[in-house]
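Chemist: turn this into a structure:
(2 chains)
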Amino acid sequence: MELSSAIAMGAPIGVGLAALGSGIGLGIAVSGALQAIGRQPEASGKIMTNMIIGAALIEALTIYALIVFFILLGKMG
Amino acid sequence: MEIVINFFASIDAEVPELPSIGNLIDKIFHGAPWASFIHHWSSLLTSVFVGIAIASLFWIGSRSKNLIPTGLQNALEWFLENFETAICDILGPRGKKYVPLLATLFIYILAMNWLTLIPLMKPPSSNVNITAGLAICVFCLVQYQNIRNYGFFGFLYHMAGSPKDILGWVMSPLMFCIELLTQFTRPVTLAFRLFGNVAGEDILIGAFALFGVLLIQDLNIPFGLPLQIPFLFLAMLTGLMQALVFTLLSTIYILLSMPEEDH
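Modeler: Okay, the predicted model is just below:
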């Protein structure tokens, strides 16, 4: 198997798995935030701020996978 | 802008890139030494330009020292007061002396991220060297504060988990290694998070602009569909969030370097 075919098969699966993991993580985080807002609507500003920060941190892990994907894209033939 | 994208689509570039000032100067002047110098260092020159622009804006805003502010001075003071309240909520009253650094980080990174909205500009934070420079600044500050607050050997003791009983001393080599790894991973993640988000958005916008050109290329008109406009809004949101996350994480790292106070 040549290197470019191996990379072409493996790299998109890696990015897809990273997206799957961060999708699940973001779903859990946002669901927790929405429940907290439902319980106490007047604190919704603070809750949303913390939720956005948590979402950005979880999203960063997917971005690391995307960076690796772009590096591999350069090495592919 | 789409005219120039059609010109670039014929090049064998690995990642699609929108034309920016560096690219254009290099193309127009056909690789003259000073043109390729500007193209090579375009991120650094753009970041210096952003810094000078922000400094001028704040200098103009603070020139009229009215006690009741109006106009630009009002807007800047409103922003800075809210920011100081938010930071001192996290750091406590001792955090006031870190507010200049953190506010500068926030405004600088926000301006750099949002520079992608101006046509013919490439955001400097899509270059990993610039984000790494900012992360190294924060790392140096945090380590200096650690050593100043705890003392050098006190800092090593604190990194080993402050062992007091026999269980603590047994676990302390493991805790020390984990804590050392954490300390060194923090600037790496700071740099790569900001770089990955901004560069990823940039490549996404470039890819959709290229797609818009390739869709109607059979019509032979020198224009393309502006398919990348929804992603400009996404780039605005991502830029704001990443500036916020960088600043808040730096605040939390500074908070973790302060010893706990007993009230």
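Chemist: B:Leu156 - how many residues pack around it?
Modeler: Here the count is done by other CB atoms under 10 Å in any protein chain shown, and B:Leu156 has 15 residues near it. All C-beta spots, glycine's among them, are computed from the backbone N, C-alpha and C.
Chemist: my guess is it contacts B:Phe176. True?
Modeler: Yes - if you go by CB atoms under 8 Å, B:Leu156 and B:Phe176 touch, sitting 7.5 Å apart.
Chemist: in chain A, what residue lies closest to chain B?
Modeler: Of all residues in chain A, the one sitting closest to chain B is A:Ile63 (3.5 Å; CB to the nearest CB).
Chemist: give me the buried positions along the helix or strand that residue falls within.
Modeler: Element membership for A:Ile63 (DSSP states H and E) is helix A:44-75. Residues of helix A:44-75 classed as buried by neighbour count (16 or more other CB atoms under 10 Å in any protein chain shown): A:47, A:51-60, A:62-63, A:65-67, A:69-70, A:72.
Chemist: near chain A, which residues of chain B?
Modeler: With CB under 8 Å from any CB of the partner chain as the criterion, chain B comes near chain A at residues B:14-15, B:189, B:192-193, B:195-197, B:199-200, B:203, B:241-242, B:244-245, B:248.
Chemist: so the residue of chain A closest to chain B makes contact with B:Glu201?
Modeler: No - counting by CB under 8 Å, A:Ile63 does not reach B:Glu201; the two are 9.9 Å apart.
Chemist: which ones are touching whichever residue of the stretch 101-250 of chain B sits closest to chain A?
Modeler: Chain A sits closest to B:Gly196 of the stretch 101-250 of chain B, with a gap of 3.5 Å, by CB to the nearest CB. Applying CB atoms under 8 Å, 6 or more residues apart in numbering or on different chains, we find B:Gly196 in contact with A:60, A:63-64, A:66-67.
Chemist: before we move on, what about B:Ile21?
Modeler: Neighbour list for B:Ile21: B:38, B:42, B:46, B:120-122 [criterion: CB under 8 Å, 6+ apart].
Chemist: kindly report the same for B:Val245.
Modeler: When contacts are counted by CB under 8 Å, 6+ apart, B:Val245 touches A:53, A:56-57, A:60, B:193.
Chemist: other SSEs contacting the host helix or strand of B:Ala135?
Modeler: Assessed by DSSP H and E, B:Ala135 sits inside helix B:128-150. Applying 3 or more CB pairs under 8 Å, 6 or more residues apart in numbering or on different chains; DSSP states H and E, one finds that helix B:128-150 contacts helix B:42-61, helix B:99-114, helix B:152-159, helix B:166-215, helix B:229-256.
Chemist: can you state the direction angle for the helix or strand bottoming out on mean pLDDT in chain A and helix B:166-215?
Modeler: The weakest-scoring helix or strand in chain A, judged by mean pLDDT, DSSP states H and E, is helix A:44-75 (a mean of 84). Angle of helix A:44-75 versus helix B:166-215, following axes from the mean of the first three to the mean of the last three CA atoms, to 10 degrees, is 70 degrees.
Chemist: quick one: the residue of the stretch 101-250 of chain B closest to chain A from A:Ala60, how far?
Modeler: According to CB to CB, to the nearest Å, B:Gly196 and A:Ala60 sit 7 Å apart.
Chemist: just give the closest residue to B:Asn127, not the sequence neighbours.
Modeler: In space, and not counting its chain neighbours, B:Asn127 is closest to B:Ser43: 3.8 Å by CB to CB, 6 or more residues apart in numbering or on different chains.
Chemist: how many neighbours does that neighbour have?
Modeler: If you count neighbours by other CB under 10 Å, B:Ser43 ends up with 20.
Chemist: contacting residues around it?
Modeler: Going by CB under 8 Å, 6+ apart, B:Ser43 touches B:122, B:124, B:126-127, B:129-130.
Chemist: residues of the helix or strand A:Leu34 falls within that come out buried?
Modeler: Following DSSP H and E, one finds A:Leu34 within helix A:3-39. Within helix A:3-39, the residues that qualify as buried are A:7, A:11, A:15, A:18, A:22, A:25-26, A:29, A:33, A:36-37, counting by 16+ other CB under 10 Å.
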